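Asker: could you work out the structure for the sequence below:
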Amino acid sequence: MKMNSIHIVYKILASALLAVVAAHGTASEKQDLERGLTHAMRLKRGTAGRIGDSGKAIQAYMREGLISQRPNQRADYTDYYLLRKPAKFMGHELMVIEEEYMSRYVGCCVSPGIGISVKVAGSTRNLQKFADENKCTFTDHVDLHNELGQVSIKAKLPHGDFASLSCRERDASR
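Answerer: Residues are numbered from 1 along each chain as shown. Purely as a prediction, here's the structure:
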């Protein structure tokens, strides 16, 4: 009977260890996702281009099931992805990822790049500093319901204060 009890204790300890390892892996994966998104927004020194690839950053969020495989909406060369699961960006809750690109030319005014909207948690100084350093446009106190409604997206959003970062070519050239 004692041997059976020891066996049960080992099973419990092994399960607990696996849970700790899985939790650590998840935190690391989320940091990698945020790092990829940050690189897609970070300005390449001396150019109007970005260090990372916005498409690859978005695909990583797709692989993790945080956004759908297809955009929630496409309007004016921009794909809009609403987060399906919680994710952070610089300590704020990531709500929307948008990517502007042109697959074929049908007119003017495309400004390739990426943007995000977050539910603000505390101060936005880190977002403002990032925007200044990387020639992005920071907008505070965004009416996200209205912004999404303008591109025909109806979304249930939590109550709170929202902000956005736009890191497109037009932002870098201002």
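
Asker: okay, and the beta partners of the closest residue to residue 158 other than its chain neighbours?
Answerer: Spatial nearest neighbour of residue 158, excluding adjacent residues (C-beta to C-beta, 6 or more residues apart in numbering): residue 119 at 6.1 Å. Placement of C-beta: from N, CA and C, glycine included. Residue 119 has these beta-bridge partners by DSSP bridges: residue 93, residue 162.

Asker: what sits against residue 119?
Answerer: Applying C-beta atoms under 8 Å, 6 or more residues apart in numbering to residue 119 gives the contacts 92, 93, 95, 157, 158, 160, 161, 162.

Asker: try 7 Å
Answerer: By C-beta atoms under 7 Å, 6 or more residues apart in numbering, residue 119 lies in contact with 92, 93, 95, 158, 160, 162.

Asker: residue ranges with poor pLDDT in the protein?
Answerer: Along the chain, the model assigns pLDDT under 70 to residues 1-27, 104-107.

Asker: mind listing the helices for this structure?
Answerer: Applying DSSP state H to the chain gives helices spanning 2-41, 54-63, 125-133, 144-149, 169-172.

Asker: could you check how far the second one is from the centre of its chain?
Answerer: Relative to the mean C-alpha coordinate of its chain, helix 54-63 is positioned 9 Å out (C-alpha atoms, centre = their mean, to the nearest Å).
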